[in-house]
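**Student:** here is my input; please provide its structure:
(chains A and B)
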Amino acid sequence: MSSAAEIVFDRVTKRYPGRDVPAVDGLSLVIAAGTFCVLVGPSGAGKTTALRMVNRLVGFDEGDIRIDGRSVRGLPPVELRRGIGYVIQQVGLFPHMTVGENVATVPRLLGWRREKTRARVTELLQLVGLDAGDAARYPAELSGGQRQRVGLARALAGDPPLLLMDEPFGALDPITRSRLQLEVRRLHREVGKTIVFVTHDIDEAMMMGDRVAIMREGGRLAQYDSPDAILARPADDFVAEFVGEDRALRRLALHTVAAVPLDPADAASRANGALPRVDTDTTVRSAVSLMIGAGADAAVVVDGDGSEIGILPLGRAHELLT
Amino acid sequence: MDDDGPVIPDFGEGSDCVTANRTFCWDWAREHWDDTLQPALLQHLWLTAIAVAIGFALAFALALLAHRVRRVEHPIGVAAALLYTIPSLALFQLLVPFTGLTTTTVEIALVAYTLVILYPNIVAGLDGAPPEVVEAARGMGLTRRQVLTRVELPLAVPAIVGGLRVAVVSTIAIATIAAFLLPKGLGYPIFYAIKLPEPFKTEIYAAGALAVALALACDAALVLLRRAFVPWTRRGAA
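**Tutor:** Okay, the predicted model is just below:
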């Protein structure tokens, strides 16, 4: 497990020639080492530009970006990029190389020994949920979800302390997307790298991010906070509208019933067959939805074996939001 | 067949078939394989190989330049296309005052024609790498040269081989006109046989058939070459 890097955007501004409005306007953002930071906003908010400035695929006009205190301008771009994982929506696997060769790209650029590279490829394919045998296949033989897994493995191959992800799941079907969302969260816990993740999907942002930076048209930062804080206290009307009127429900979706204080299960509740039963890993939002649907004012929480752990009263949702 | 070929047609022993000048006489073809047909075939192959090799080298260099400096891409293409519009016989005439009745003259003309086929194909191949693939390559820290040699060039192989196939086949066809200047290639037996008081059919058809066979054989060889270089397109599923 490699170390993670701290990223600092220090009043960064980018203007494209011939445009009145800057793409990114005085962006200041501190992303602590190991944080999963999501940049979210409508199109034209400069999220992707901000991301691509970190590995200098896009230059900037003013300000600075520092990785662990060192300016990204302090290194030749090629060297800088070899130390930063980069995942894009269309994946961009090399069609003429096998999966294994794709994943080995950065280790080869870094001049790793052959055995070390091969071992790393096998390790990464496992980490992203592919078989070691997939190494010999060509990208054309994979499904969209498998390709993005390879893209992820390829980005992690050089063991970079920082991973940039530009709408990585935007082209996937909803089922594959939610599966990969969960796996990338798990991966983040396992490898502990700093991740900067761009999306225009507010649900994805709230679900994935430790910290969420909401950007607005003209490349300005509207709010930067934890998902819960943003949903509880939107900084202004733009943020309130962007996160939606159902933000209270979205906040409930950030908690599973296991993380909420429950009332003890008693004989009366056991006898009451009308109460909906929910697993511990159900979100409070889903539990509330079930209660409302069943016309009940409580739900029975059960663990994996089906034994009752406690009772979640409907009113507990209110308490959670205050 | 000598450069100062006989005025009186040399029909050899003159079988019935040959004296009657029937459509095709196998005995004549067998008899004159060694002294007429095979040398012409080898000369033809050689004329073509040199023209395509030089044309490919030039087209490749120009395409790399155009890939690097976008501004010159179109002007080079237009220049090559203009060359192509000059009828080959006229081009020969234009060159003779400078390079004489030589193989050089023929090759200059043949090379010019391969350029117009090869250059756009190589440029299209190099530019044909999907943008997201190039983006990912740059994002991982490949240098410009590495992007070219490890990504763009391998992905351009199908387009480049496609151009080579057309260039080789068309050069084999055009090279028959070389006999207008030189007693070389498969065009020469054809010209010779046509100019006889009674055009000798067997020789015309034999040389023509050899030109077609040569074109087909070269084309097949290039298809095999492409398979060897492009393994990733054969196993595509999904």
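**Student:** going by C-alpha atoms from here, please, whenever you check contacts or count neighbours.
**Tutor:** Will do.
**Student:** excluding chain neighbours, give the residue nearest to A:M208 in space.
**Tutor:** Distances taken as C-alpha to C-alpha, 6 or more residues apart in numbering or on different chains place A:R185 nearest to A:M208, at 6.5 Å, with adjacent residues excluded.
**Student:** okay, and that neighbour sits in which element?
**Tutor:** If you go by DSSP states H and E, A:R185 is part of helix A:174-191.
**Student:** give the contact list for A:T49.
**Tutor:** Listed by C-alpha atoms under 8 Å, 6 or more residues apart in numbering or on different chains, the contact set of A:T49 reads A:A23, A:V24, A:V58.
**Student:** which of these ranks first by neighbour count?
**Tutor:** Of all these, A:V24 has the most neighbours under the rule other C-alpha atoms under 10 Å in any protein chain shown, reaching 29 neighbours.
**Student:** any idea how far it lies from A:M215?
**Tutor:** 9 Å (C-alpha to C-alpha, to the nearest Å).
**Student:** and B:Q93, by the same measure?
**Tutor:** Distance from B:Q93 to A:M215, by C-alpha to C-alpha: 69 Å.
**Student:** of those two, give the one with the bigger neighbour count.
**Tutor:** Taking other C-alpha under 10 Å, B:Q93 and A:M215 do not tie; A:M215 has more neighbours (27 against 14).
**Student:** for that one, list each beta-bridge partner.
**Tutor:** With DSSP bridges as the criterion, A:M215 is bridged to A:L221.
**Student:** and the pLDDT for it?
**Tutor:** The model reports A:M215 with a pLDDT of 96.
**Student:** how about the one 10 residues further on?
**Tutor:** Among the per-residue scores, A:D225 holds a pLDDT of 97.
**Student:** wait, it touches A:A213, no?
**Tutor:** Yes - between A:D225 and A:A213 a contact is recorded at 6.7 Å, counting by C-alpha atoms under 8 Å.
**Student:** who has more neighbours out of these two?
**Tutor:** The neighbour count for A:D225 versus A:A213, taken as other C-alpha under 10 Å, is higher for A:A213 (24 against 18).
**Student:** residues contacting the more buried one?
**Tutor:** Neighbour list for A:A213: A:C37, A:V38, A:L39, A:V40, A:L221, A:A222, A:Q223, A:Y224, A:D225 [criterion: C-alpha under 8 Å, 6+ apart].
**Student:** can you tell me the element B:F92 falls in?
**Tutor:** helix B:88-99.
**Student:** which residues sit against that helix?
**Tutor:** Helix B:88-99 has contacts (C-alpha under 8 Å, 6+ apart) with B:T105, B:V106, B:A109, B:I174, B:I177.
**Student:** burial check on the nearest residue to A:G170 once chain neighbours are set aside, number of neighbours?
**Tutor:** In this structure, A:G170 finds its nearest non-sequential neighbour in A:Q89, 6.0 Å apart by C-alpha to C-alpha, 6+ apart. A:Q89 has 18 neighbours, counted by other C-alpha under 10 Å.
**Student:** how close does A:Q89 get to B:L186?
**Tutor:** In terms of C-alpha to C-alpha, A:Q89 sits 56 Å off from B:L186.
**Student:** need the distance between the two termini of stretch B:26-38.
**Tutor:** Terminal residues of stretch B:26-38 lie 15 Å apart, using C-alpha to C-alpha.
**Student:** ok, back up a step: what's the overlap in contacts for A:V24 and A:M215?
**Tutor:** Residues touching both A:V24 and A:M215 by C-alpha under 8 Å, 6+ apart: A:A45, A:G46.
**Student:** the helix or strand harbouring B:E73 - contacts with which helices or strands?
**Tutor:** Following DSSP H and E, one finds B:E73 within helix B:73-85. With contacts defined as 3 or more C-alpha pairs under 8 Å, 6 or more residues apart in numbering or on different chains; DSSP states H and E, helix B:73-85 has these neighbours: helix B:38-68, helix B:103-127.
**Student:** now do the contacts for A:F169.
**Tutor:** A:F169 makes contact with A:Q89, A:Q148, A:R177, A:L180, A:Q181, according to C-alpha under 8 Å, 6+ apart.
**Student:** which residue comes closest to the second one once chain neighbours are left out?
**Tutor:** To tie it back to what came earlier, the one meant is A:Q148. A:V91 (5.9 Å).
**Student:** and if you look at the third one?
**Tutor:** Leaving out its chain neighbours, the residue that sits closest to A:R177 by C-alpha to C-alpha, 6+ apart is A:F169, at 5.7 Å.
**Student:** give me the pLDDT for the closest residue to A:L80 other than its chain neighbours.
**Tutor:** In space, A:L80 comes closest to A:N55 once its chain neighbours are excluded; the distance is 6.6 Å by C-alpha to C-alpha, 6+ apart. For A:N55, the pLDDT comes out at 96.
**Student:** what about A:N55, neighbour count?
**Tutor:** Counted by other C-alpha under 10 Å, the residues lying close to A:N55 total 27.
**Student:** I'd say it and B:R138 touch.
**Tutor:** No - using C-alpha under 8 Å, A:N55 makes no contact with B:R138, being 9.8 Å away.
**Student:** looking only at pLDDT, what's the mean for the helix holding A:R185?
**Tutor:** Mean predicted confidence for helix A:174-191 is 91.
**Student:** just the buried residues of that helix, please?
**Tutor:** Going by neighbour count (16 or more other C-alpha atoms under 10 Å in any protein chain shown), the buried part of helix A:174-191 is A:R177, A:L180, A:Q181, A:E183, A:V184, A:H188, A:V191.
**Student:** ok, stretch B:34-42 next?
**Tutor:** For stretch B:34-42, by 16+ other C-alpha under 10 Å, it's B:T36, B:L37, B:Q38, B:P39, B:A40, B:L41.
**Student:** which one of the residues you listed sits closest to chain A?
**Tutor:** B:L41 (37.7 Å; C-alpha to the nearest C-alpha).
**Student:** if we can go back for a sec, which helices and strands sit right next to the helix holding A:R185?
**Tutor:** Under the contact criterion of 3+ C-alpha pairs under 8 Å, 6+ apart, helix A:174-191 touches helix A:144-156, helix A:202-208.
**Student:** nothing else from me, thank you.
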